[in-house]
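Trainee: kindly return the folded structure for what I paste below:
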Amino acid sequence: MGLNKYRSTADPYLLPLAKRMSNAEPNTLTWIAFLFAVLAGLFFYLSNIWLLLAASLCIFFNALFDALDGKIAKITGKASKRGDFLDHVLDRYADVFIIGGILLSVHCNWLIGLLALLGVIFASYMGTQAQALGCKRDYGGILGRADRLVILILVPLIQFLAYIVLDGRIWEFTIIEYAMIWFAIAGHITAVQRGVRTWNRLARTR
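Mentor: I've put the predicted structure just below:
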């Protein structure tokens, strides 16, 4: 999907909110974003179809606060390496809690969920590893974090409707399982894309 390149289009909506919340500590918002991710994973795990709506809402707030912490840090001059480190670490744990909740739920086969989690983790690792080696952090690829969050917000809503209208499945899989299959495939493709770009950049720095 590559939604990362459209991140700047959200600025007209995020910046006014960030300015109104400028007294908030960016690291506190990072922890709040993480808390919403934990709640989302718990709601998936509990497997009640009505909790899919709550999971979707929690992922929306996770994405919102995760975006606001960086904006507030920049406009208030509080951006720091420690804050960036905390943000990246909690983002990875957020991925584990959200997708872990899915793979342990009745909405998804655990093996499909595990493959999805591995795809997401490896894609994220390749992005941060590029930065660790002196290259610019790589947010590119067909499944960036922005793509995952949009999918994770929308898919529970679609799955909820599928449970209401159908039996929750289309052919052999649930809507959530189709999303996890995409995460598994696209996540590893993204990891390869980022790895190749980093490899080529490192070759030019010799």
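Trainee: pull out the buried positions in the helix or strand of the chain with the lowest mean pLDDT.
Mentor: Each helix and strand of the chain was given a mean pLDDT (mean pLDDT, DSSP states H and E); the minimum falls on helix 11-20 at a mean of 81. Residues of helix 11-20 classed as buried: 14, 18 (neighbour count, 16 or more other C-beta atoms under 10 Å). Glycine gets a C-beta too; all of them are placed from N, C-alpha and C.
Trainee: so residue 99 touches residue 179, yeah?
Mentor: No - Residue 99 lies out of contact with residue 179 (C-beta atoms under 8 Å); the separation is 10.0 Å.
Trainee: find the residues that touch each one of those two.
Mentor: Among the neighbours of residue 99, those also in contact with residue 179 (C-beta atoms under 8 Å, 6 or more residues apart in numbering) are residue 116.
Trainee: how far out from the middle of the chain is the lengthiest helix in the chain?
Mentor: The residue-count maximum for a helix in the chain (DSSP state H) belongs to helix 175-204. A distance of 14 Å separates the centroid of the chain from that of helix 175-204, by C-alpha atoms, centre = their mean, to the nearest Å.
Trainee: next structured bit after the least confident helix or strand of the chain?
Mentor: Under the assignment DSSP states H and E, the closest C-terminal helix or strand after helix 11-20 is helix 26-46.
Trainee: may I see the buried residues of the helix or strand following that next one?
Mentor: Next helix or strand after helix 26-46 toward the C-terminus (DSSP H and E): helix 51-75. Of the residues in helix 51-75, those scored as buried under the neighbour-count criterion (16+ other C-beta under 10 Å) are 51-52, 54-73.
Trainee: from the contact counts, what lies against helix 51-75?
Mentor: On a contact count with 3 or more C-beta pairs under 8 Å, 6 or more residues apart in numbering; DSSP states H and E, helix 51-75 meets helix 11-20, helix 26-46, helix 81-103, helix 145-165.
Trainee: return the distance of it from the chain's centre.
Mentor: Here helix 51-75 is found 10 Å from its chain centre; the criterion is C-alpha atoms, centre = their mean.
Trainee: tally of neighbours for residue 200?
Mentor: Residue 200 is flanked by 10 other residues according to other C-beta atoms under 10 Å.
Trainee: from what I can see residue 118 touches residue 187, true?
Mentor: Yes - look at residue 118 against residue 187 with C-beta under 8 Å: they come within range, at 7.3 Å.
Trainee: between the two, which one's more packed in?
Mentor: Looking at residue 118 and residue 187 with other C-beta under 10 Å, you find the greater number of neighbours at residue 187, namely 25 against 16.
Trainee: what's the nearest residue to that one once chain neighbours are set aside in contact with, if anything?
Mentor: In this structure, residue 187 finds its nearest non-sequential neighbour in residue 119, 2.3 Å apart by C-beta to C-beta, 6 or more residues apart in numbering. Shown in contact with residue 119 (C-beta under 8 Å, 6+ apart): 143, 183-188, 190-191.
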